[in-house]
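Q: quick check, what structure comes out for this input:
(one chain, ligands or ions: 2)
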Amino acid sequence: MRTNQPQTIYLSEYQAPAYLVDHVSLRFELFEDGARVHSTLSMRRNPAAMQSGSTLELDGDSLTLESLALNGQSLASDEYRNEGDKLVVPTVPEAFELTVVTWIEPQNNTRLEGLYKSSGMFCTQCEAEGFRCITYYPDRPDVMARFQTRVEADKSAYPILLSNGNPVEQGDLENGRHFVTWEDPFPKPAYLFALVAGDLVEKRDTFTTCSGRNIDLRIYVEARNARKCDYAMDALKRSMRWDEEVYGREYDLDIFMIVAVDDFNMGAMENKGLNIFNSSCVLASQDTATDAAFQRIEAIVAHEYFHNWSGNRVTCRDWFQLSLKEGFTVFRDSQFSADMGSPTVKRIEDATLLRTAQFAEDAGPMAHPVRPASYMEISNFYTLTIYEKGAEVVRMIHNLLGAELFRKGSDLYFDRHDGQAVTTDDFVKAMEDASGRDLGQFRLWYEQAGTPVLAVSDHYDEVQGVYRLDIRQSVPDTPGQSGKKPQHIPFAIGLLDSEGQPLPLNMGAEDSNGSFERVLELTETQHSFEFHGVKERPVPSLLRDFSAPVRVHYPWTREQLLFLMSHDPDGFNRWDAGQKLAVDVIQSLVDAPQGTEIEPRLVEAYRLLLNDTELDQALVAKMLLLPSEAYLVELSDQADVPAIHAARERVLDHLARALRDDLLACYQRNAGQGDYELTPAAIARRSLRNTALAWLLHIDDEQGRALAVEQYEQADNMTDRLGALRALVNSGFESERTRALAAFFERFQDDPQVVELWFSVQASSDRAGQLPQIQALLEHPAFDWKNPNKVRSVVGVFAGQNLAAFHNPDGSGYRFLADQVCRLDDSNPQIAARLVSPLTRWKKFSPQYSSQMKAALERIRDKTELSRDVYEVVHKSLAD
Ligand code: BES
Ligand code: ZN
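A: Numbers count the residues shown, from 1 in each chain. Ligands and ions are numbered 1, 2, ... in the order given. Okay, here's the model as predicted:
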């Protein structure tokens, strides 16, 4: 695993596998001091392989080989080579059976890849290359096989034994042991293999599919979590129904299982028939989960379920195609969430993540195309670009084709490629074939990295009544890519007259189409569009509903933004106009002298919003949130984070003081009403109320303090309790803060998911999360270096969300992060590599910061025995 100069893998060097696996028979003997894995592979030469010769190569990682046999004949040590990460058998026949026995130590596996133990149970994580930590195997997604798995373990410690597919046999063995055998009829790549053994309780339900088949649904958790599965179960049934209705996809096995585990590198994993979830992404109850957590659980349950088709039935040929399954599935889960809640709010959330974090990635040293051309460590490529930009690319296809032709395209794709391992190009081809549209230029979205920039200017000819938009697009250089071609960009727009009424968009003297919204298709570097019969200079509403993942530059006046904020019929742009105005005001205050006036029209706009009971309250709740510091940093170059933080605080402070009475009124108006509900309206109410409370406490308002203390004590749900706690923690009321934090811990100390919230509220607070306090949290008895969620909730949240504290001008935040990365690199390189990310964009910050960030990266680089994961991120970040 450790190497000094990891190899780079190139898409251009892809070769079909030399040997295929038709069937795998696995037998796991699980013990406390290790596990023995017997594997019998039925293999044959791949007729489509290019290479000649008869050498077999299998992947392996951290394995002890106990025996090896070919067609039942055990191989002598000179008949194969064990090269550490490869097992080589120089001559094999056309077709043969290979039997491999390996010994592994799940109890010592801190990387959480392959087979490992989490709170006493055995579980697996094989994507992307974890199966090779279990046994020697051609561990690549284009090798698809049918699996049979027999699991043997002590019956009292591990009464539940699970794997993919259907249970076919079970029984008792000697010495208090037992076994269960599972068979998965669908060929799959090894990364979808899963095994679980533990003392778990099951929650059962059933689902009747569209063709009338009854599916057995089960969620397995530790006994103490038995009452926290209902929401995920409901979300699962909603997802199954939705995928039938919207994509015509029916579930294919007789049983679908979800298991919750506490130690997990990611959120969840779509193993065939046996999804494994990070506990925090599946367990929920009214008193322990926030509204955001419920929504996240619904989305992740859906996402992993949807992979059954987009990922499992049709999988990826190689890991360069990762977005084929992840981008498409994120698009599917976002459509689902939009259908279950408020589409505008969902769009705002997706666009916020994209613009804040993905744009930053695309402008930094780790920038890569949606379909990368090379990588060192695939685990580093589960990125916002693969996921979120990948989903936007699929969304653009959906919008270019329309819902009906898109559905035709997805039907064709699933039908044509069922049981195959394919490429993003196969996906686009199916969309082309089903719709008749040429997506040739559109494919550049997969190949070119970087966020396209649209510079928009306009011209109004009063005499002719013609309004013209001139749009120049450019795609910035990214590491290894320059001189890019113009892309095919769907650009949705509308025009408003001075009354706020939409104008008909007639695009030629003859055109009387009269539609009020159009999707302009930009294909040239420079593109102009004329609108005829326009009676007055309009206000343009650009990139409606965020129709493409691009940056738009247009010389907005504050007047226009205020106008759009209250008139744009497009909810997304209404929100966006407010964000742009707030960004403009905050930016103008960075380094402005004390006493500089703060735009009074911003105050009035927020006052209107706070008192607006007509507009969708979910949208109002979003509009009230000021742009985040991370977004403000992303928008600036040579960022001075403490200065940005101070400017934003000044605006917040000013707004809260000027609107104090309106905030109180808003708080009271949105007070709890009856039973806890998870409807968009109820969620919006809690969000408005908690925002109002946060603002009041921001200015240390006495009445706000009383309300927060009361809300903390009276809350009947976690959203309100945490909202009150957060407001107190971020206030100057020192004794209330201390008391609430102590009470909260006391009450929830036995619930890991809530303790994670407790850590992150502190780690994200500029009052409670300065470095010495963070260091104290790391010493807290509830903190655990082996648990990724705990590491993320303290170290990750500090570096990623507490920007002013992290970017302390003395550089202490950077050194701290570098130390933690080095420490984690030995135990869990995947988590270590993800934590480096806040340092990677060092060039973006003003020199006093960037030089110290660079020094922190060099400190990591110079650690001995750096993992491939961290090596890649650090070296790419430091490259010129
Ligand atoms: N296939 C991934 C999980 C995964 C990623 C496993 C990387 C191993 C390495 C899964 O489908 C996924 O994408 N999960 C996301 C959540 C999802 C809602 C975007 C995750 O784990 O964060
Ligand atoms: Zn996924």
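
Q: for residue 745, which three-state class applies?
A: helix (DSSP: H, G, I helix; E, B strand; the rest coil).

Q: how much space is there between the residue nearest to it when sequence neighbours are not counted and residue 752?
A: Excluding its sequence neighbours, the residue lying closest to residue 745 (C-beta to C-beta, 6 or more residues apart in numbering) is residue 758, at 5.7 Å. Using the backbone N, CA and C atoms, a C-beta is placed for each residue, glycine as well. From residue 758 across to residue 752, the span is 10 Å (C-beta to C-beta, to the nearest Å).

Q: which stretches of the stretch 651-800 of the chain have low pLDDT?
A: Across the stretch 651-800 of the chain, no stretch falls below the confidence threshold (pLDDT under 70).

Q: where do the strands sit along it?
A: Ranges of strands in the stretch 651-800 of the chain, per DSSP state E, counting those that start in this stretch: none exist.

Q: which phi and psi does the residue of the chain positioned farthest from its centre have?
A: Relative to the centre of the chain, and counting by C-alpha atoms, centre = their mean, the farthest-placed residue is residue 463 at 51.1 Å. Main-chain torsions, residue 463, degrees, to the nearest 10: phi -70, psi -50.

Q: and residue 187, by the same measure?
A: phi -60, psi 140.

Q: so it sits right up against residue 145, yeah?
A: Yes: counting by C-beta atoms under 8 Å, residue 187 does reach residue 145; the two are 5.8 Å apart.

Q: pLDDT of stretch 246-266, averaged?
A: The average pLDDT for stretch 246-266 rounds to 98.

Q: secondary structure class for residue 65?
A: Going by three-state DSSP: residue 65 is strand.

Q: gap between it and residue 80?
A: 9 Å.

Q: okay, and the common contacts of these two?
A: The contact sets of residue 65 and residue 80 overlap at residue 87 (C-beta atoms under 8 Å, 6 or more residues apart in numbering).

Q: looking at these two, which one has more neighbours?
A: Taking neighbours as other C-beta atoms under 10 Å, residue 65 and residue 80 compare with residue 80 leading, 20 against 15.

Q: list phi and psi for the more buried one.
A: Per degrees, to the nearest 10, the backbone of residue 80 is at phi -150, psi 170.

Q: do the same with residue 493
A: Dihedral angles (degrees, to the nearest 10) for residue 493: phi -140, psi 160.

Q: residues in contact with it?
A: If you count contacts by C-beta under 8 Å, 6+ apart, then residue 493 has 469, 505, 517, 518, 520, 540, 541, 542, 543, 544 around it.

Q: now the third one: closest residue in space, sequence neighbours ignored.
A: Taking C-beta to C-beta, 6+ apart, and ignoring the residues beside it in sequence, residue 517 has residue 494 as its nearest neighbour in space, at 4.7 Å.

Q: beta partners for that neighbour?
A: Judged by DSSP bridges, the bridge partners of residue 494 are residue 541.

Q: thought it was touching residue 543?
A: No: using C-beta under 8 Å, residue 494 is not in contact with residue 543; the gap is 10.6 Å.

Q: which one's more surrounded, those two?
A: residue 543 (25 against 21).

Q: ok, the more buried one - contacts?
A: Going by C-beta under 8 Å, 6+ apart, residue 543 touches 454, 491, 492, 493, 550, 552, 573.

Q: what does this structure have sitting close to ligand 1?
A: 127-128, 266-270, 299-300, 303-304, 307, 326, 330, 382, 387 (C-beta under 6 Å from any ligand atom).

Q: 5 Å - rerun?
A: Within the chain, the positions adjacent to ligand 1 are 127, 266, 267, 269, 270, 300, 303, 382 by C-beta under 5 Å from any ligand atom.

Q: any chance of those in TSV, with neighbour count, secondary structure and distance to residue 11 too?
A: TSV is the format used below for those (neighbours: other C-beta atoms under 10 Å; DSSP: H, G, I helix; E, B strand; the rest coil; distance: C-beta to C-beta, whole Å):
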residue	neighbour count	secondary structure	distance to residue 11
127	25	coil	19
266	19	coil	24
267	16	coil	27
269	25	strand	24
270	23	coil	23
300	22	helix	29
303	26	helix	25
382	18	coil	17
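
Q: need the residues you listed in JSON lines with distance to residue 286, can you?
A: Formatted as JSON lines, the residues of the chain next to ligand 1 follow (distance: C-beta to C-beta, whole Å):
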{"residue": "127", "distance to residue 286": "33"}
{"residue": "266", "distance to residue 286": "26"}
{"residue": "267", "distance to residue 286": "22"}
{"residue": "269", "distance to residue 286": "27"}
{"residue": "270", "distance to residue 286": "28"}
{"residue": "300", "distance to residue 286": "19"}
{"residue": "303", "distance to residue 286": "23"}
{"residue": "382", "distance to residue 286": "32"}
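
Q: just the element for residue 169, please.
A: strand 166-172 (DSSP states H and E).

Q: higher neighbour count, residue 758 and residue 752?
A: residue 758 (23 against 19).

Q: residues contacting that one?
A: 741, 744, 745, 748.

Q: looking at those, state which has the most neighbours.
A: residue 744 (22 neighbours).

Q: distance of that residue from residue 778?
A: 19 Å.

Q: over to residue 872?
A: 26 Å.

Q: who has more neighbours, the two?
A: Comparing residue 872 with residue 778 by neighbour count (other C-beta under 10 Å), the higher total belongs to residue 872, at 22 against 16.

Q: ok, the nearest residue to that one once chain neighbours are set aside - how many residues close by?
A: Leaving aside its sequence neighbours, residue 872 sits nearest to residue 376 (C-beta to C-beta, 6+ apart; 4.0 Å). Applying other C-beta under 10 Å, we find 20 residues neighbouring residue 376.

Q: just residue 702 next, same as before
A: 9.

Q: list the contacts for the residue of the stretch 101-250 of the chain found nearest ligand 2?
A: As assessed by C-beta to the ion, ligand 2 sits closest to residue 127 within the stretch 101-250 of the chain, at 8.8 Å. By C-beta under 8 Å, 6+ apart, residue 127 lies in contact with 191, 192, 269.

Q: in which helix or strand would I find residue 21?
A: Going by DSSP H and E, residue 21 is part of strand 19-31.

Q: just the buried residues of that strand, please?
A: Buried residues in strand 19-31, counted by 16 or more other C-beta atoms under 10 Å: 19, 20, 21, 24, 25, 26, 27, 28, 29, 30.

Q: okay, the closest residue to the second one other than its chain neighbours: pLDDT?
A: If the residues on either side of it in the chain are set aside, residue 20 comes closest to residue 46, at 4.9 Å by C-beta to C-beta, 6+ apart. Confidence at residue 46, expressed as pLDDT, is 97.

Q: my guess is residue 46 contacts residue 15, does it?
A: No: Residue 46 lies out of contact with residue 15 (C-beta under 8 Å); the separation is 10.1 Å.

Q: identify the residues contacting whatever residue of the stretch 651-800 of the chain ends up closest to ligand 2.
A: When scored by C-beta to the ion, the stretch 651-800 of the chain has residue 788 as its residue closest to ligand 2, at 17.1 Å. Contact analysis of residue 788 by C-beta under 8 Å, 6+ apart lists 112, 263, 264, 265, 828, 831.

Q: list buried residues within these.
A: Neighbour counting by 16+ other C-beta under 10 Å classes 112, 263, 264, 265, 828, 831 among those as buried.

Q: phi, psi of the closest residue to the first one other than its chain neighbours?
A: This means residue 112. Of all residues not flanking residue 112 in the chain, residue 265 sits nearest, at 5.0 Å (C-beta to C-beta, 6+ apart). Dihedral pair for residue 265: phi -70, psi -30, per degrees, to the nearest 10.

Q: how near is residue 265 to residue 757?
A: Where residue 757 is concerned, residue 265 sits at a distance of 20 Å (C-beta to C-beta).

Q: and residue 480, by the same measure?
A: Distance from residue 480 to residue 757, by C-beta to C-beta: 40 Å.
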